[in-house]
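Novice: sequence-free structure coming up:
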C-alpha cells in the first residue's frame, strides 16, 4: 500500500498490545502516516523502549509508552488517569490487545472464561470509558476495536474466546450510537486467522479449517489488518460508524 505521510498528521493514537503482531503493524503504519503514538504494552522491556524511540526518529513523530496489565483494573485506571489529568490529546484509540483461547466448554473452567472476558472485553470497556473522557473534551475521535471472525461465526472450542469477541462487537455497535452525537466514531475489525504468534496457539486441524474456509486460502498478514485500521482511523472513513469490517479473505 502507498501511504500518505500526512494522512494522520497532527493526530495522536493510543494503541494497546503494540509490542507485537497486529498491534506492532498498526503502530508503525500510523507513525508512517504522521500520527503521534502512545504505545501500550503489558510489560516494559529495553527492546520495546528502543523500538518505540526508533519509530519516533524514523518517522519524525512524538512517541510515549504506557505499561499496564489488562487483568489489573487499577493499573489501567492509573495509567489512563495520567493522560486525562495532563490534558493529553488522543484522537484515535485502537483496542488491539487480547488473548486467544481454545477449548471445549466441559474442559474449560469458569475462572478461565472470566479471565478471557476480563482481558478481551471488560478491560476494553474500561479503556473506552477513560479515553472517551478525553475525546469528549475534544469533541472528536475514532475508536477501533479489534474483534475476530470467531465473534461472528461459531466454531467448536471457542465458547470463551468467541463469546468475548462477540461481546466486544456488540458493544461497538451500541457505543457507536451513544457517542455519535459527540463526533466520536466507533468501529470494529474482525480479522480472520492472521499470521501472528497468536495463530500458533491454535491446533493445526482448526487452523487448516479456517484457511480452507477462506476463498483466498491463506492467512491474513498483520499489515493487511493495519491498513484497514488506518482507513478507519483517518478522515477517509468519516461517515463510517458502528460497523464491523471483516478482513478474512472471503470466508464461507
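Specialist: Cool, the structure landed. On a predicted model such as this, the values are computed, not experimentally measured, just so you know.
Novice: ok, residue 71 - contacts?
Specialist: Residues counted as contacts of residue 71 (C-beta atoms under 8 Å, 6 or more residues apart in numbering) are 115, 118-119, 123. All C-beta atoms are positioned from the backbone trio N, CA, C, and that covers glycine.
Novice: distance of it relative to residue 117?
Specialist: Look at residue 71 and residue 117: by C-beta to C-beta, to the nearest Å, they are 11 Å apart.
Novice: repeat that for residue 28.
Specialist: 30 Å.
Novice: with residue 56 instead?
Specialist: According to C-beta to C-beta, residue 56 and residue 117 sit 35 Å apart.
Novice: next SSE downstream of the longest helix along the chain?
Specialist: Looking across the chain with DSSP state H, the single longest helix is helix 161-179. For helix 161-179, the succeeding helix or strand toward the C-terminus, using DSSP states H and E, is strand 184-191.
Novice: for the stretch 1-150 of the chain, which spans come out with low pLDDT?
Specialist: 1-4 (pLDDT under 70).
Novice: which residues of it fall in strands?
Specialist: Assigned by DSSP state E, counting those that start in this stretch, the stretch 1-150 of the chain shows strands spanning 12-15, 36-41, 63-67, 92-95, 141-146.
Novice: quick one: neighbours of residue 112, just the number.
Specialist: Per other C-beta atoms under 10 Å, the neighbour tally for residue 112 reads 13.
Novice: what residues are up against it?
Specialist: Residue 112 sits next to 101, 103, 160 when contact means C-beta under 8 Å, 6+ apart.
Novice: what about it, distance to residue 91?
Specialist: Going from residue 112 to residue 91 by C-beta to C-beta gives 36 Å.
Novice: quick check: buried residues in stretch 52-59?
Specialist: Buried positions in stretch 52-59, judged by neighbour count with 16 or more other C-beta atoms under 10 Å: 52, 55-56, 59.
Novice: who's the closest residue to residue 56 other than its chain neighbours bridged to?
Specialist: Among residues not flanking residue 56 along the chain, residue 63 sits closest, at 4.2 Å (C-beta to C-beta, 6 or more residues apart in numbering). Beta-bridge pairing of residue 63 under DSSP bridges involves residue 37.
Novice: show me the contacts for residue 63.
Specialist: Residues in contact with residue 63 (C-beta under 8 Å, 6+ apart) are 31, 36-39, 52-53, 55-56.
Novice: try residue 49
Specialist: Neighbour list for residue 49: residue 65 [criterion: C-beta under 8 Å, 6+ apart].
Novice: please report the distance of it from residue 168.
Specialist: Remark: distance between residue 49 and residue 168 (C-beta to C-beta) = 29 Å.
Novice: helix, strand or coil for the closest residue in space to residue 180 that isn't next to it in sequence?
Specialist: Nearest residue to residue 180 in three dimensions, chain neighbours excluded: residue 241, at 5.9 Å (C-beta to C-beta, 6+ apart). Following DSSP: H, G, I helix; E, B strand; the rest coil, we place residue 241 in the coil state.
Novice: now the contacts of residue 112 in CSV, with distance to residue 211 and neighbour count?
Specialist: Below are the contacts of residue 112 laid out as CSV (distance: C-beta to C-beta, whole Å; neighbours: other C-beta atoms under 10 Å):
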residue, distance to residue 211, neighbour count
101, 20, 20
103, 21, 17
160, 22, 24
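Novice: residue contacts, residue 169?
Specialist: Neighbouring residues of residue 169 by C-beta under 8 Å, 6+ apart: 145, 147, 151-152, 188, 190, 244.
Novice: closest to residue 6 out of the strands of the stretch 1-150 of the chain?
Specialist: Residue 6 lies closest to strand 36-41 among the strands of the stretch 1-150 of the chain, at 12.7 Å (C-beta to C-beta).
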